[in-house]
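> Give me a model of this one.
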Amino acid sequence: MLLLFLLPLLNMGIPAGAQAQNQVIIENADRAEGFTIEGNSVRKLLGNVVLSTDQMRMEADSAYQFIGRNQIHAFNIQIETDEEIIWADTLFHNTFTDFSQFRGRVIIESNTNTVFGEVIDLISPLDLVIFRSPVRFEDEDGVLLAESGTYFQEADSAAFRGNVQLADTAQYIEADSLFMNRSKDLYEMNGRVFADDFEENVTFEGEYLLADSTGYRLLRGSDAWLMELSDSKTDTTHLLAKKIELIETDTSSTMDAYRQVRIWSTKFSAVADTANYRNDEEMFVLRGDPILWQDNIQLSGPLIEATLEDDELRFLQSFPQPFIVQQDSATGRLNQMTGDTLHAHFSDGSLDRLVVFNSSEIIFHQKDENDTPDGVMEMIAAGKSTMTFQNGEFDFFKAEENIDGSYLPESPENAERKLDNFTWNPNRKPQRPNIRVPRLDPITDERPFDLPPRYIRYLRGLLEQVTPNQGDVSNE
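Just a heads-up that it's a prediction; the model follows:
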């Protein structure tokens, strides 16, 4: 890799027209000179300089060796190894410390990617590459941008900092910093993380993102946010929490959210302390004082399980002692129902019937033919009770086993009657969150600097191999 071309330069001596002791061969130079600067001997090669070893070939406009200072300076260089080609305006190499500095328009091209930067350092004994200025990585799939970075060759790990951006055909990600270990396929992003997964139709934002080779993703933040579009892209679901975990395999995916969980979708909304979703079952489970709203209905209970079908609610169950409230759209009165266990059945996304098992209690407000309030019915039953609905409005009630009920005439006092443990929290119902967008400008095809002449000639040579005498490459 980057280290290979530098090792042969150690202790390089370049006597004019001869081969050095370390087998550095001067293939070409228009002229060679020797002189002294501040008491230090300097060997200088000028004009069309070509140097080679067993592992590299370097072209330069000029090369200087400062003998007493263990330094080599080369200008307008192109270095070729078996692994890569490197271009730079200037190379400073210390033969004693194996420390190399590439400056100016630096381009590193390998079989897998191309790197653009203006200040790149290499510390050979540590297998360490340092990007001290904005750097751009390109491969056949996408681009990575960062303001600085470090690459540890032996560990195959890298850390990038400052407005990090990654984009390919499948996703876009940005953050303040990125740590990656390619051999372990491990990626960590910190600070103002935003990601858009085009294949899965998922967008998310947080303060920390972890992803690994198993398909595991961890998103954390003071208000971590995830948005998913349905397959038809007509329905949207938003999830907000302190912590969101996703695991994707070839056959299924799971999503778990913790602390201050809020869900908003075009079909329903909910709050809870914990939410768990399994896509193979199309089921999510809410725990920790959950509340779920669907149209004018509120369901609360210690645990709520919801089953979906084509992104529509199909079935809900809650236990123990759930409480359900339905607000009449005409009168605003609150119909109430509770018991030991509740089942809610939906048809085409609208509530069809509610069934409460064991010790059921109900309050429902009657209406006359003009949709004005007309008294209250209160009922209890030891067994099962069922409320049916038409177009989301209460239609019919049936109770079984040890039924006791009463009718109360219309009055202000009776209009406010409530069952024990009454719960009605419309102020907690999540509202549609704002759509989050990237804070950084989109990645463009523009390179960070005008391409150096040697690199342009290299590109023209590649193009001529494909389309002889037809290609032209500009700085763009």
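> Any chance you could list what contacts stretch 99-106?
Applying Cβ atoms under 8 Å, 6 or more residues apart in numbering, the contact partners of stretch 99-106 are 6, 86-94, 115-124, 449-452, 455. The way it works is simple: take the backbone N, C-alpha and C, and place the C-beta from them, glycine included.
> are any of those buried, and which?
Buried subset of the contacts of stretch 99-106 (neighbour count, 16 or more other Cβ atoms under 10 Å): 6, 86-91, 93-94, 115-124, 449, 451-452, 455.
> Tell me which of those fall in strands.
86-91, 93-94, 115-123 (DSSP state E).
> Might you calculate how far stretch 75-86 sits from the centre of the chain?
35 Å (Cα atoms, centre = their mean, to the nearest Å).
> List the buried residues in it.
For stretch 75-86, by 16+ other Cβ under 10 Å, it's 75-81, 83-86.
> Convert that stretch to PDB, retaining C-alpha atoms only.
Presented in PDB, the C-alpha positions along stretch 75-86 are these (Å, rounded to 0.1, in the frame of the first residue of the first chain):
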ATOM      1  CA  PHE A  75       8.600  18.200  -7.000                       C
ATOM      2  CA  ASN A  76       5.700  17.500  -9.400                       C
ATOM      3  CA  ILE A  77       6.000  13.800  -8.800                       C
ATOM      4  CA  GLN A  78       4.300  10.600 -10.000                       C
ATOM      5  CA  ILE A  79       5.100   7.400  -8.100                       C
ATOM      6  CA  GLU A  80       4.000   4.000  -9.400                       C
ATOM      7  CA  THR A  81       4.000   0.800  -7.300                       C
ATOM      8  CA  ASP A  82       2.300  -2.500  -7.800                       C
ATOM      9  CA  GLU A  83      -0.500  -1.300  -5.500                       C
ATOM     10  CA  GLU A  84      -1.100   2.300  -6.500                       C
ATOM     11  CA  ILE A  85      -0.100   5.500  -8.300                       C
ATOM     12  CA  ILE A  86       0.600   8.700  -6.400                       C
END
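> which residues touch that stretch?
Under Cβ under 8 Å, 6+ apart, the answer for stretch 75-86 is 1-2, 4-5, 55-63, 87-91, 102, 106-111, 452-455, 458.
> before we move on, what about stretch 277-284?
251-256, 275-276, 285, 305-309.
> from these, which is closest to G332?
A306 (26.3 Å; Cβ to Cβ).
> Tell me the bridge partners for that closest one.
F284, L316 (DSSP bridges).
> Measure how buried the spatially closest residue to G383 that is not a sequence neighbour is and give me the count.
Once flanking residues are discounted, G383 sits nearest to E401: 3.1 Å by Cβ to Cβ, 6 or more residues apart in numbering. Close neighbours of E401, defined as other Cβ atoms under 10 Å, add up to 11.
> how about E401, secondary structure?
Here E401 is recorded as coil under DSSP: H, G, I helix; E, B strand; the rest coil.
> thought it was touching S385?
No. At 9.3 Å, E401 does not count as touching S385 under the criterion of Cβ atoms under 8 Å.
> Now name the helix or strand holding the spatially most central residue of the chain.
The centroid of the chain falls nearest to A195 when counting by Cα atoms, centre = their mean (3.5 Å). Element membership of A195 [criterion: DSSP states H and E] is strand 186-197.
> Check which helices and strands the helix or strand hosting L218 is in contact with.
Per DSSP H and E, L218 falls inside strand 216-229. In terms of contacts (3 or more Cβ pairs under 8 Å, 6 or more residues apart in numbering; DSSP states H and E), strand 216-229 is packed against strand 202-211, strand 236-248.
> which residue sits closest to I244, ignoring its sequence neighbours?
L219 (4.4 Å).
> So which residues of the chain form helices?
2-6, 412-415, 453-466 (DSSP state H).
> out of those helices, deepest packed?
helix 2-6 (a mean of 21; mean count of other Cβ atoms under 10 Å).
> per-domain residue ranges of this structure.
1-129, 135-288 (automatic domain parsing).
> now these as JSON lines including distance to V466?
Formatted as JSON lines, the domains of the chain follow (distance: least, Cβ to Cβ, whole Å):
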{"stretch": "domain 1-129", "distance to V466": "17"}
{"stretch": "domain 135-288", "distance to V466": "16"}
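> so V115 bridges to which residues?
Assigned bridge partners for V115, using DSSP bridges, are I108, F137.
> likewise the one 4 residues further on?
According to DSSP bridges, R103 are recorded as the beta-bridge partners of V119.
> Touching, it and V135? I think so.
No. V119 is beyond contact range of V135, at 9.1 Å (criterion: Cβ under 8 Å).
> who's in contact with the closest residue to V325 other than its chain neighbours?
Nearest non-adjacent residue to V325, counting by Cβ to Cβ, 6+ apart: Q298, 4.7 Å away. Neighbouring residues of Q298 by Cβ under 8 Å, 6+ apart: 291-292, 324-327, 423-426, 429.
> Now with 10 Å, please.
291-292, 323-327, 334, 423-426, 428-429 (Cβ atoms under 10 Å, 6 or more residues apart in numbering).
> Specify which member of these is nearest to D445.
For those, the nearest to D445 is K429 (45.5 Å; Cβ to Cβ).
> Next, find the distance separating the closest one from L292.
10 Å (Cβ to Cβ, to the nearest Å).
> Please apply the same query to N391.
Distance from N391 to L292, by Cβ to Cβ: 20 Å.
> If you count surrounding residues, which of the two has more?
L292 (25 against 9).
> from what I can see that one touches V325, true?
No. Judged on Cβ atoms under 10 Å, L292 makes no contact with V325 at a distance of 11.3 Å.
> how about the CA coordinates for stretch 333-352, as CSV?
Output of stretch 333-352 as CSV, limited to C-alpha atoms (Å, rounded to 0.1, in the frame of the first residue of the first chain):
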residue,chain,number,x,y,z
ARG,A,333,-68.9,12.8,24.5
LEU,A,334,-66.4,10.2,25.7
ASN,A,335,-67.5,6.6,25.4
GLN,A,336,-65.5,4.3,27.8
MET,A,337,-64.7,0.7,28.2
THR,A,338,-62.5,-1.4,30.4
GLY,A,339,-62.0,-4.9,31.7
ASP,A,340,-59.3,-7.6,32.2
THR,A,341,-58.3,-8.0,28.5
LEU,A,342,-59.2,-6.1,25.4
HIS,A,343,-59.2,-7.1,21.7
ALA,A,344,-59.7,-4.5,19.0
HIS,A,345,-60.5,-5.6,15.5
PHE,A,346,-60.1,-3.4,12.4
SER,A,347,-61.4,-3.5,8.9
ASP,A,348,-59.6,-1.5,6.2
GLY,A,349,-57.9,0.4,8.9
SER,A,350,-61.1,1.5,10.7
LEU,A,351,-62.3,0.1,14.0
ASP,A,352,-64.8,-2.7,13.5
